[in-house]
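Novice: no sequence on hand, only this structure:
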């Protein structure tokens, strides 16, 4: 049911308040707050104010209930604000229908909701069947809908981010010191990227941020085309733990990004990857407490939510930006305008992170996160324990799979990888981890640690997503060619080849039958009982020159 809100108090005019203030000293002097009000007391007030006895007794009752000057002020005529003359049963039915029709995740307009409610109240085949005289008009029901508090509308019809703006948020979620608390969250960037080879659009990437609460610094980030998973969350954590210099050198960008270090607590929402055993185990192996927050509104992760809102707003500067709604995209083709590849987008993002770190923050009274980080890091000591192996730490958070070692190596998605260390493990199963940013190598976890396995063959230095997208395009071209006559031509060739086989068999069978006929049917006893046929006389032929003139026509 709709939450019952007390009607608003009618505001009195200044003239009415002055009138009540003039009467207040006389009532305070003569009218007791406890006990009966005598006629002598009423007469004294009448003589002092000039009001009639009936008026004095009405005002006395209001004064004794609330002994302030405002209770003696003249009351405005008419119904009080928020009051209704609707039948009680009808009002209860309207409240129930408002819950069912208007307070939903996809609410209709108020006019349509009022129309539906009126129809259900008067329908003779419905559950209510109220008389027409008791049913309020649609305008009255619209007014009832407008009186529903905004926080009730937000709680029923909006998501957590919008709903939390209409709710009280007392208290504060505090960090207890430097590198104590880090918040992590993901967002799908409102920009379309292209592949680095053919410059064809791939889609919108996911961006993960980790913010260190004590300094408000962006401790780590991660960009990928895949949906958030335990592996991508782990890689974001590894990026936050490790120094950024190798990443900056690989991308060829010169910006200051000293933020890294081993932190104590990781604060994340209730997403499935954050609650998985594999991700929690990897965090705890490195001394991180995966502090998954309780289910609730978005303000419980307010720091990371505000950071994501700030960074997403900068994406509108990019070619291929999709905009926040349909109106913003009107007349604009984001796919056609897309121009940045994933490495280019990551370099741009690092520049924006540097800008954020160098911008004054209101939480520090004008200091920027880079200043606060430098001050705290100078007093903290080593940001990473000396015993931590950076390469092994990075590999721990990579996606992994148990594979069998074959004579040609291990195979991942039609690609084979090999290292001489696998020679003694042919036929055995090993754990193989891979970095989806490149298909040039994978990592095998052996007794001596993680071993890098290079790919066999010539492959471009692209990421897993780009390579699979390229394979998908080639496959699509093959399918299109097949549908555009290739399949029919192949079918005709198969039929022609099959016909050749059938004709060859028929010709061979016919030739064999003819050979049998020429060889005869063999000798039987019946043939032996018959007299042999005399052989015909052999005729000798001579040429015309050897014959005489008179004898060549004679028979011999």
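Specialist: Sure, I can see it. The shown structure was predicted, so the numbers you read here are calculated from the model rather than taken from an experiment.
Novice: show me the shaky parts of the stretch 301-450 of the chain.
Specialist: For the stretch 301-450 of the chain, applying pLDDT under 70 flags the ranges 301-302, 323-332, 386-387.
Novice: what about the helices in it?
Specialist: 302-314, 334-337, 342-357, 369-380, 390-396 (DSSP state H, counting those that start in this stretch).
Novice: nearest to residue 193, out of those?
Specialist: With Cβ to Cβ, the closest approach to residue 193 among those belongs to helix 342-357: 5.6 Å. The way it works is simple: take the backbone N, C-alpha and C, and place the C-beta from them, glycine included.
Novice: tell me how far residue 17 lies from residue 40.
Specialist: In this structure, residue 17 and residue 40 are 29 Å apart, going by Cβ to Cβ, to the nearest Å.
Novice: residues touching residue 308, list them.
Specialist: Neighbouring residues of residue 308 by Cβ atoms under 8 Å, 6 or more residues apart in numbering: 185, 187, 209.
Novice: okay, the last one: pLDDT?
Specialist: In the prediction, the pLDDT value recorded for residue 209 is 91.
Novice: which element is it on?
Specialist: Element membership for residue 209 (DSSP states H and E) is strand 206-212.
Novice: quick one: strands adjacent to the helix or strand that that strand is followed by?
Specialist: The helix or strand immediately downstream of strand 206-212 is strand 217-224, counting by DSSP H and E. In the sheet, strand 217-224 lines up against strand 206-212 (antiparallel) (DSSP bridges).
Novice: taking helix 302-314 as reference, get the angle to the strand it pairs with.
Specialist: 130 degrees (axes from the mean of the first three to the mean of the last three Cα atoms, to 10 degrees).
Novice: chain center to strand 206-212: distance?
Specialist: Distance of strand 206-212 from the chain centroid (Cα atoms, centre = their mean, to the nearest Å) equals 15 Å.
Novice: next: stretch 335-345.
Specialist: With Cα atoms, centre = their mean, you get 20 Å for stretch 335-345.
Novice: ends of that stretch, what's the gap?
Specialist: 15 Å (Cα to Cα, to the nearest Å).
Novice: which one of the helices of the stretch 301-450 of the chain lies nearest to residue 279?
Specialist: helix 390-396 (10.9 Å).
Novice: go through that closest one and flag the buried ones.
Specialist: 393-396 (16 or more other Cβ atoms under 10 Å).
Novice: sorry, back to before: quick one: closest of the helices of the stretch 301-450 of the chain to residue 54.
Specialist: Once the helices of the stretch 301-450 of the chain are compared by Cβ to Cβ, helix 302-314 is nearest, at 59.4 Å.
Novice: list the buried ones in that closest one?
Specialist: 303-305, 307-308, 311-312.
Novice: re the thing from before, can I get the contacts of residue 308 in CSV including neighbour count and distance to residue 439?
Specialist: Formatted as CSV, those follow (neighbours: other Cβ atoms under 10 Å; distance: Cβ to Cβ, whole Å):
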residue, neighbour count, distance to residue 439
185, 23, 29
187, 19, 27
209, 23, 26
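Novice: between these, which is closest to residue 104?
Specialist: residue 187 (26.5 Å).
Novice: could you look up the SS state of that closest one?
Specialist: Here residue 187 is strand, with the state taken from DSSP: H, G, I helix; E, B strand; the rest coil.
Novice: list the residues that contact it.
Specialist: Neighbouring residues of residue 187 by Cβ under 8 Å, 6+ apart: 206-207, 209, 308, 312.
Novice: rerun that using 6 Å as the cut-off
Specialist: By Cβ atoms under 6 Å, 6 or more residues apart in numbering, the residues touching residue 187 are 207, 308.
Novice: give me the distance between it and residue 218.
Specialist: Distance from residue 187 to residue 218, by Cβ to Cβ: 13 Å.
Novice: next one: residue 85
Specialist: 59 Å.
Novice: who has more neighbours, the two?
Specialist: A direct count of neighbours by other Cβ atoms under 10 Å for residue 85 and residue 218 places residue 218 higher, at 25 against 8.
Novice: against residue 401, how distant is that one?
Specialist: 31 Å.
Novice: do residue 345 as well
Specialist: 28 Å.
Novice: which of the two has more residues huddled nearby?
Specialist: Of the pair residue 345 and residue 401, residue 345 is the one with more neighbours under other Cβ under 10 Å, namely 20 against 12.
Novice: dump the residue contacts of the more buried one.
Specialist: Residue 345 touches residue 193, counting by Cβ under 6 Å, 6+ apart.
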